[in-house]
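Q: kindly generate the corresponding structure for this input.
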Amino acid sequence: MGQFLAMGLVHEIVASLDDLRKKKISNDELRQEIEQTLLFDLKLYDETKTDKSLLFTLKNQVLETDLIPFLEVLYPMIYAERNAGEYRDLLKRLRSTQPAKWPDIAREESNAAFRFDPYAEPRYIRFSKAFYPTIRLDVNCMMLYLGYGKIITEGMNDFTDFFKRCIHETFKEHPVAKSILIYITG
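A: Predicted structure coming up:
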């Protein structure tokens, strides 16, 4: 399988607590860099700690109130008439399902416009402090779009960040848009 340009709703951001401790990165520093560097609004995410990880998980109320209205605007723009029946069927299914079950629908991987992506590439943040430590962030994305055709990946991060800014601007009225990631998968 090659690599493809994708757009996904970041459901979860995961950082290693061990890595944060070793590199002396505070929670506040991490949050600030995620918001400034990766352009995520962490007010949309719940924060939890496990034994090994710091997790930021998209709040259920954000999904419940904004996902369907956002997709109703996004899908016609991104898919035009291609796959219109598929995304309309998906929206109908989401409307008739309890929001708590939406991640289960994404896990089924039966819909190209809404599924968890096991290939989403991690993101790295470099901190501007002594020795410029870098932290790896794993992301769990609900893929909303998968481009057709293989791409050359060199230099793509500038373009993907630009696309993310465009999405923020276009969908200002939808808070969930600030949890979108444009990324390379596969």
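Q: distance of A177 relative to N27?
A: Per Cβ to Cβ, to the nearest Å, A177 is found 25 Å from N27. All C-beta atoms are positioned from the backbone trio N, CA, C, and that covers glycine.
Q: these two: who's more crowded?
A: Between A177 and N27, counted using other Cβ atoms under 10 Å, the more crowded position is A177 (21 against 13).
Q: so who does the more buried one touch?
A: 70, 167-168, 170-171 (Cβ atoms under 8 Å, 6 or more residues apart in numbering).
Q: now swap in N140 and tell me
A: 10-12, 14, 116, 120.
Q: what is the nearest of the residues you listed to R126?
A: V14 (18.0 Å; Cβ to Cβ).
Q: ok, of the contacts of A177, which come out buried?
A: 70, 167, 171 (16 or more other Cβ atoms under 10 Å).
Q: quick one: neighbours of the closest residue to P76 other than its chain neighbours, just the number.
A: Spatial nearest neighbour of P76, chain neighbours left out: A84 (7.6 Å); criterion: Cβ to Cβ, 6 or more residues apart in numbering. If you count neighbours by other Cβ under 10 Å, A84 ends up with 12.
Q: report pLDDT for A84.
A: pLDDT, A84: 81.
Q: Y119 too?
A: 86.
Q: ok, now which ones touch Y124?
A: 134-137.
Q: put the buried members of the residues you listed into a PyMOL selection.
A: Entered in PyMOL, the line below selects the buried ones among the contacts of Y124, by 16+ other Cβ under 10 Å:
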select buried, resi 135+137
